[in-house]
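Novice: With the sequence up front, the predicted model follows.
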Amino acid sequence: MDIPEKKSPKNNDSSGRMREPFFAEKTGYDDSKDFLKRLLLRQKRSDAVSSARNPQAKRPKVTKTQGDKGKKKGKNKKQMRLPAIQLVGGGPVSPRQDKTDLNGLWLPDWVNPDLASSGVFKKPYQANFDGGIHIAKSGVYLMYAQLSIKKGFEVIKQTGSEKTVLMECYMDHMYTHHSTETCVSIRLYVKPDDTEDRIFIKEMEGAAGAVYGRESSVLGLIRIDDVQSLSALFE
């Protein structure tokens, strides 16, 4: 007697595991689109399992849509550097008869190339004539000053005819010495409006021996942020 050969069940694959019957096997209707959907779904499930087992596996590259490209527009555009200017001494040594005359005492040492388009500083090269830095935009500024002098100096902000002391460097304990001392001061300055201000160094009353040399005298400003960003921290 011939023994009939055993055949695998209809719904088993080559490994003997049960497989989900296709739509055509259930209804007798062969829909190729439905078959393709099921095939893609199985592939996604297989990829998900593989990713879960190996999280470090390289993920397939996703093609960006036109909308995504629009969001990235300007990403590689060159960003503007921080507007900054620094003056150094370039004039005579005190005493001077008229200490309010700063003509020739200060020279632009370094000016950020982006100043021409930033609108932050005005007349950056006028420092040689009036000894000051002209600020024309609100913001948060890092300010620093250095001067070799007896007693000390003040950093003044002038708006029109009104003058305000922003910071000072005071060395009264050195005033009895015959030699000058280098005095350094640094602070953050918040400018709330867009009016044009002139920032300059003024020798204190009774100060003497100021040395306006390139290595001993410095006045600089760097705009590091805008006022809106600063006020948001306190809301």
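Specialist: That came through, no problem.
Novice: Same question for residue 228, what's its three-state structure.
Specialist: helix (DSSP: H, G, I helix; E, B strand; the rest coil).
Novice: For it, give its distance to residue 191.
Specialist: Separation of residue 228 from residue 191 (CB to CB, to the nearest Å) stands at 13 Å. Where C-beta positions appear, they are placed from N, C-alpha and C, glycine not excepted.
Novice: repeat for residue 84
Specialist: 15 Å.
Novice: Which other helices and strands does the longest strand along the chain contact?
Specialist: In the chain, with assignment by DSSP state E, the single longest strand is strand 139-159. Secondary-structure packing of strand 139-159 (3 or more CB pairs under 8 Å, 6 or more residues apart in numbering; DSSP states H and E): strand 162-171, strand 181-191, strand 197-203, strand 208-211, strand 218-225, helix 227-232.
Novice: can you redo the ones you listed as JSON lines with mean neighbour count and mean pLDDT?
Specialist: Output for those, formatted as JSON lines (neighbours: other CB atoms under 10 Å; pLDDT from 0 to 100):
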{"stretch": "strand 162-171", "mean neighbour count": "14", "mean pLDDT": "91"}
{"stretch": "strand 181-191", "mean neighbour count": "15", "mean pLDDT": "90"}
{"stretch": "strand 197-203", "mean neighbour count": "22", "mean pLDDT": "94"}
{"stretch": "strand 208-211", "mean neighbour count": "18", "mean pLDDT": "84"}
{"stretch": "strand 218-225", "mean neighbour count": "19", "mean pLDDT": "93"}
{"stretch": "helix 227-232", "mean neighbour count": "12", "mean pLDDT": "65"}
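Novice: Backbone dihedrals for residue 194, both of them.
Specialist: Phi and psi for residue 194, reported as degrees, to the nearest 10, are phi -100, psi 20.
Novice: low-confidence ranges in this structure?
Specialist: By pLDDT under 70, the weakly predicted segments of the chain are 1-36, 39, 49-80, 92, 94-95, 113-117, 172-179, 229-235.
Novice: Tell me how it divides into domains.
Specialist: The chain breaks down by automatic domain parsing into domains covering 23-53, 84-232.
Novice: Of these, flag the one that's most buried.
Specialist: Comparing these by mean neighbour count (mean count of other CB atoms under 10 Å), domain 84-232 ranks first with a mean of 16.
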